[in-house]
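Asker: how does the following fold in three dimensions:
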Amino acid sequence: MNQKLIRLQLLGCGTLSLLLAAEWTYSQYTLKQLQTLLEPRPQTESPAEQLPNIADNSGSAETYSDIVDRPLFVEGRKPVAETNPTDNLQTQDSGQIDDWELIGVYDKNNKPTALFRKRNEAKKFLKITEEQSISGWLLKQIHADNVLLQQGSQEKSVVLRKPRAQVKPPVPGKPAVPPRPPQPNAVAKPIEPVPNENPENINDN
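Answerer: Next comes the predicted model:
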């Protein structure tokens, strides 16, 4: 009886010893892993990345002048062809000067410039400065509302074309009121003179 009890106690003590040894081994293994994770890693020098070059999109004064020179409401908004200063005395375009109309006067680089447009060709423009020619006429002076052209002894003034007056569209739902015709002046009728009574007839009565 006592021997069996002693054997059971020895077996229980051995089993507990094995469990304690396994637990200690597992704790040591976990501690090593934790230390490995907490150790500082050596920093590796990575090559410096080169930043991309950003193009400068800010326009210069010449780019701004090109934008201003592009005529509005024209398909493509292409810059108007400039005349060559060395060809001042040569004809820039065939045809008569009456085929061109003056549609604008502006300053470019503190230099007055006149903008012409071909009457029969809505998309054909020409800008010239003083001492340059158009259709055989030399541009002498540029004013705010007209330009002065010269051909030999002849001079011609071209007036700046004024924009058309905008007509307001009629309000929907309201009929358009026609303009009232002017009323004729009433002719005053002459006043008929009252016949004077004869004093002799009064006395006879």
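Asker: where in the chain is the helix or strand with the lowest mean pLDDT?
Answerer: helix 199-204 (a mean of 50; mean pLDDT, DSSP states H and E).
Asker: can you tell me how far Q96 is from K123?
Answerer: 19 Å (CB to CB, to the nearest Å). Where C-beta positions appear, they are placed from N, C-alpha and C, glycine not excepted.
Asker: for A114, same thing?
Answerer: Distance from A114 to K123, by CB to CB: 18 Å.
Asker: more crowded one of these two?
Answerer: Set side by side, A114 and K123 show more neighbours around A114, with 25 against 11, by other CB atoms under 10 Å.
Asker: before we move on, what SS does that one have?
Answerer: Judged by DSSP: H, G, I helix; E, B strand; the rest coil, the three-state class of A114 is strand.
Asker: what is the helix or strand where K127 lies packed up against?
Answerer: Following DSSP states H and E, one finds K127 within strand 125-129. Helices and strands touching strand 125-129, by 3 or more CB pairs under 8 Å, 6 or more residues apart in numbering; DSSP states H and E, are strand 112-118, strand 137-142.
Asker: give me the sheet partners of the longest one and which way each runs.
Answerer: Paired strands of strand 112-118, with direction, are strand 100-107 (antiparallel), strand 125-129 (antiparallel) (DSSP bridges).
Asker: what stretches of this structure score poorly on pLDDT?
Answerer: 1, 43-48, 55-95, 163-179, 181-205 (pLDDT under 70).
Asker: who touches Q151 in this structure?
Answerer: I97, G136, W137, L138 (CB atoms under 8 Å, 6 or more residues apart in numbering).
Asker: most surrounded residue in the residues you listed?
Answerer: Neighbour max across the contacts of Q151 (other CB under 10 Å) = W137, 22 neighbours.
Asker: gap between the closest residue to N146 other than its chain neighbours and W24?
Answerer: Excluding its sequence neighbours, the residue lying closest to N146 (CB to CB, 6 or more residues apart in numbering) is V159, at 4.8 Å. Applying CB to CB, the value for V159 to W24 is 110 Å.
Asker: one step back: could you identify the helix or strand that succeeds the strand holding K127?
Answerer: Using DSSP H and E, the first helix or strand after strand 125-129 is strand 133-134.
Asker: tell me the strands beside that following strand, with direction?
Answerer: Strand 133-134 has these strand partners (DSSP bridges): strand 137-142 (antiparallel).
Asker: can I get the CA coordinates of the partner strand in PDB?
Answerer: Extracted C-alpha coordinates of strand 137-142, given in PDB (Å, rounded to 0.1, in the frame of the first residue of the first chain):
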ATOM      1  CA  TRP A 137      -0.800 102.800 -98.800                       C
ATOM      2  CA  LEU A 138       1.700 104.000 -96.200                       C
ATOM      3  CA  LEU A 139       0.400 104.300 -92.700                       C
ATOM      4  CA  LYS A 140       1.500 107.800 -91.500                       C
ATOM      5  CA  GLN A 141      -0.400 108.400 -88.300                       C
ATOM      6  CA  ILE A 142      -2.500 106.400 -85.800                       C
END
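Asker: let the chain start at 9 from now.
Answerer: Let's use 9 as the start, then, which means that last one is strand 145-150.
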